[in-house]
Every structure is written in structure tokens, then in C-alpha cells.
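1. coordinates only, sequence not included:
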Ligand code: GDP
Ligand code: MN
């Protein structure tokens, strides 16, 4: 999923003619002051980062004058909030809040549903996860039938939205569904939807995640990397997305992560998984041996050798790795020889740079025998610590991780001796 910042999401609300507070984005304190001057009233200044809960984390400030807005913006811009560097703030008119509602749509992936589910609650401003179930009205949406104004009125009615503004609320809900559908969202949320003291209903906040597959259909959203991640994309993440976008056969997933090991760390392993879930077991195994894994990579769904090769090159591009592991912790039904060819090509280019480098290759499943042969033949003349295993070790995350640790310790000792 690709997350949008609040102001980007609100731009989509505008397209659906949903009321939002007046305001604009500032990248400098001066810009913030100018926006506040133009608005000519008290403002709220909100950091534009990929996460909610900004209010509690000190990322939402208020200012009565343009000078104050400039000061507040100066304090926020360049700060790090919830691990994100603040590069932009949204300066908006401050609303006089009378009531707050929650409205959101997520994909309900349960087998008996598999559809978008609409949720509305009178407990706006809180995380929906912490709102009691009886305070939330829900509706599974039949995407062929759509979501009509009377569905919206029914939902609002269930949580007893007063008649004075129920029509405005219902219109916003319809707009929310339109936006969800038109942009291929996985999640869309207004929290809070605000009723002002003078009776207007506006979307005061906005959270949107776009489905990976629809990001490609919406170049106007300017999504650089259509991947969900806890952090903004790194240079390698961007290259990985380029690899994926250019060739949709199979999957090349690669994300750098800031993972640390508690206590002493014995080394860092560039990790190349095959098949997301099983691959994670391998990471777990390595972590338990106090080996750090700085990335998560996954090539699966029968990618061509070229894609596997590029994924392996990305893994090797990470600075400071002490080993490489191809973690095929499952019997895959993809033709594994594409993996074997891709990995061999990458190893033949990379390993001459690092004599004695620890390499663990685990691969099982379709065309296993031939694939293992390709790995053995293709690497036998390389000066490295290479161990190649097949299906017989596929459940042995603990043993393989322990072997990896041994190799890493040997390698590091050798490096030290060389100086
Ligand atoms: P979040 O914490 O990341 O969800 O950011 P929000 O945009 O939801 O803002 C957090 C909280 O700040 C809201 O729940 C409100 O209580 C408060 N807030 C935000 N905008 C306004 C505003 O225009 N007027 C007032 N009075 N409070 C606001
Ligand atoms: Mn919010």
C-alpha cells in the first residue's frame, strides 16, 4: 500500500466536492506565515508525515497570528516526529469544533466478505480500534451495487447523527466512498469529521492508503514507491520499485528497514527471501542468533531470472553486510531454476569483491534438483564460504541460522587478521 499525506488526500476530497478546511501546504516558515495572512484568521499547523496520532506526538499546533504561525512552523519543520522528518506542514483555518465523528472504509478480506466495509462512529478523534463496537455502525458494500445516499443516511442514523446535519454527513460519506473507489484505495479515513459551532460539516483530517496495483493506474498521484513501509522510501527502495514497475512478472519486493538487535550483534546479513511468509521465518532465525537483517526482500510468484538477479544486487548494495542469505523457507511451486540463474549471476559479479564472504543458499520446490545443480556449478570456482541446501533443510531455520552465524564469525575473524 502507498500512503498519501493528509494534504494529498484532501486534494482528492476536493475532487469529490467534499468540504475541507481552507488552507495550503508550506515548506518554509515564511510560506506558513503567508498562508496564515491570506486566511486572515487563527490557524492550525499540522506536520505532513505518513502517520496518524500526530496530535498526541506534538505535530499539531495552533496559532492566532501569522507571526505565531511562522514560529510554530519553524519549530516543526526539520523536526523528527514519530521517526519521520518533517518537510512540509499544512496550514489551515482553525475550526470551532462542536462535534467530531469518525468515518472510514477498509477492505474486509474475510472469506465471507471480501468487500469494502464502511464504518461510522460518533467517537471522532479517537483511534477506531479503541472505540467500543456498539458505538460503530458498519456496512459491507456490494461494489456492483455501490453506496447510495440512503445507505449513508442509514449508517449515520444508526449512530444517531442529529437531523440538523445528517444530510451534510451523508454527502461526505458518499464522497468518501467515491474517492475510495475511484482511486483504488485500501483504506480511507476521516478522523475527525468535524461539525463546527455554526453547523458546517467538514473533513478535518484525512488518511488514505492506495492499493499497490492501482498506484500504477494513477500517475497523477505521483506515488514514487507503491509499497507500504514504516519509513519514507530510500534510494534502494526507489530502485527496487523501478525493477518491479518495469516488469510485472512475479514479484520483486525489497525494503530497507532500520532493524536493530537487542544486546550484542554478531553481524549483518543481506537477506533475500523467497515467498514472504516463509521468508520471515528465516529472518526470525537469524535474529535469534543475534544476526541483524537490514532489509526485507522477497522474490516470488515465478519471477524471471533478470528480476531475481536485480533483487540480489539490491541486497548486496546495502552497506556493511557480512553475509548473504537466499531464504527459500518453503517448497515453492515456481520454477526455481530462474532463481538459481539470477542468483548465480549476481554472486559471480559480487563475490570477487569480498573473498571468503559467507553465503547461504536455500531453495526447495519445483525443479529443485536442477536448480541446486545450477547453484553448485555456477559458484564452485568462487572464493567464498558457500553452503547450498534444498528441501531437506527447509524447516531448519534454527540450524541454518546457526551455521550462518558460524560462517560470519569466521569471516569477521579473517577480516580482522587482514586488517
Ligand atoms: P492526527 O492526530 O494525526 O489524527 O491529526 P488530526 O488532524 O486528527 O488532529 C489531531 C487533533 O487536533 C484533532 O483530533 C483535534 O482535536 C485537534 N484539531 C485539529 N484541527 C483542529 C481545528 O481546526 N480546530 C480545533 N479546535 N482542533 C483541531
Ligand atoms: Mn486524525
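-> Alright, I've got the coordinates. None of the values given here were measured: they were computed from a predicted structure. Ligands and ions are numbered 1, 2, ... in the order given.

2. and residue 169, what does it touch?
-> The contact partners of residue 169, by C-beta atoms under 8 Å, 6 or more residues apart in numbering, come to 101, 152, 156, 161, 193, 201. From N, CA and C alone the C-beta is placed, and that goes for glycine too.

3. ok, those residues vs residue 17, which is closest?
-> residue 201 (13.0 Å; C-beta to C-beta).

4. tell me what the closest one is bridged to.
-> The residues listed as beta-bridge partners of residue 201 by DSSP bridges are residue 195.

5. who's in contact with it?
-> Residue 201 makes contact with 19, 165, 168, 169, 172, 193, 194, 195, according to C-beta under 8 Å, 6+ apart.

6. host element of the fifth one?
-> Yep, that's residue 172 we're talking about. helix 166-182 (DSSP states H and E).

7. how near is residue 345 to residue 217?
-> With distances defined as C-beta to C-beta, to the nearest Å, the gap from residue 345 to residue 217 amounts to 33 Å.

8. quick one: which of these two has more around it?
-> Under the criterion of other C-beta atoms under 10 Å, the comparison of residue 345 against residue 217 puts residue 345 first, with 18 against 12.

9. my read is that one is in a helix, agree?
-> Yes: Residue 345 forms part of a helix when assessed by DSSP: H, G, I helix; E, B strand; the rest coil.

10. relative to ligand 1, how far out is the closest residue in space to it that isn't next to it in sequence?
-> Nearest-residue entry for residue 345: residue 309, 4.9 Å, with adjacent residues in sequence omitted and distances by C-beta to C-beta, 6 or more residues apart in numbering. As defined by C-beta to the nearest ligand atom, to the nearest Å, residue 309 lies at a distance of 41 Å from ligand 1.

11. that older thread, most neighbours, which of the contacts of residue 201?
-> The member of the contacts of residue 201 that has the most neighbours, counting by other C-beta under 10 Å, is residue 193 with 30 neighbours.

12. surely it meets residue 98?
-> No: shown here, residue 193 and residue 98 do not form a contact pair, counting by C-beta atoms under 8 Å, at 11.8 Å.

13. returning to that earlier point: now, which of the contacts of residue 169 lie within strands?
-> Secondary structure from DSSP state E places 101, 193, 201 of these in strands.

14. save these as CSV, and put in pLDDT and distance to residue 335 too.
-> Below are these laid out as CSV (pLDDT from 0 to 100; distance: C-beta to C-beta, whole Å):
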residue, pLDDT, distance to residue 335
101, 97, 52
193, 98, 51
201, 98, 56
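
15. now those residues in CSV, with distance to residue 255?
-> Conversion of these to CSV gives the following (distance: C-beta to C-beta, whole Å):
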residue, distance to residue 255
101, 35
193, 33
201, 39
